[in-house]
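**Q** sequence first, then the predicted structure:
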Amino acid sequence: MNEETWEQVRAVVASIPPGSVLSYGDVAEIAGLRSARIVGRILAEDSADLPWHRVLRSNGTVAEHLRQRQLELLRAEGVLADGARVSMRRYRWTPDEEPRPEV
DNA sequence: AAAATGACCTGGG
DNA sequence: ACCCAGGCCATTT
């Protein structure tokens, strides 16, 4: 894993504002990578000082072993999950977006 | 060197 | 909702 992409990915994740989320694939795309797996791998390795909970699967679910923790952290900033699934429609972040329309 | 393993994604039936 | 196939790619067996 080269140093550069590692920092790229971290920078992208760090830039996600509270109350919004991105998928692993989104992060990969923004960071200029071709694989979402790499993003997951980097976060798995070291996510200590990042808002890692704002990154989830493209379908709004999260990995089993993180489910409790991640949804709780998201709930704390206003991102509500319907059961095990977060609505990407509502919370997905795009850098230029305006206030989201209701439901 | 070859195969398995992930905090993954997309498209199809 | 379900299952499956194929793509993805660094790291570890």
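**A** Nice, thanks for sending it over. Just so it is clear, the model here is predicted, and its values are computed rather than measured.
**Q** run through the bridge partners of the spatially most central residue of chain A.
**A** Note on chain A: the residue nearest the mean C-alpha position is A:Val55, at 1.4 Å, using CA atoms, centre = their mean. Beta bridges link A:Val55 to A:Leu22 when assigned by DSSP bridges.
**Q** residues in contact with it?
**A** By CB atoms under 8 Å, 6 or more residues apart in numbering, A:Val55 lies in contact with A:Val13, A:Ile16, A:Val21, A:Leu22, A:Ser23, A:Tyr24, A:Val27, A:Val39, A:Leu43. For the C-beta atoms, the positions are set from N, CA and C on the backbone; glycine is no exception.
**Q** one more time with 10 Å, if that's ok
**A** Residues near A:Val55 by CB atoms under 10 Å, 6 or more residues apart in numbering: A:9, A:12-13, A:16, A:21-27, A:36, A:39-40, A:43, A:47, A:62, A:70.
**Q** give me the buried subset of these.
**A** A:9, A:12-13, A:16, A:21-27, A:36, A:39-40, A:43, A:62, A:70 (16 or more other CB atoms under 10 Å).
**Q** among those, which ones lie close to DNA strand C?
**A** With CB under 7 Å from any atom of the strand as the criterion, the buried ones among the contacts of A:Val55 include A:Ala36 near DNA strand C.
**Q** A:Leu43 against A:Val62, yeah?
**A** No: with contact defined as CB atoms under 10 Å, A:Leu43 and A:Val62 do not form a contacting pair (11.6 Å).
**Q** all strands for chain A, in order.
**A** A:22-23, A:55-56, A:81-82, A:85-86 (DSSP state E).
**Q** what's in contact with the third one?
**A** Residues from elsewhere that reach strand A:81-82, judged by CB under 10 Å, 6+ apart: A:Leu56, A:Gly60, A:Thr61, A:Val62, A:Arg67, A:Gln70, A:Leu71, A:Glu72, A:Leu74, A:Arg75, A:Ser87, A:Tyr91.
**Q** thinking again about what came up before, now the strands of chain A as CSV including distance to A:Asp96 and mean pLDDT?
**A** Formatted as CSV, these follow (distance: least, CB to CB, whole Å; pLDDT from 0 to 100):
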stretch, distance to A:Asp96, mean pLDDT
strand A:22-23, 14, 98
strand A:55-56, 19, 98
strand A:81-82, 25, 95
strand A:85-86, 21, 96
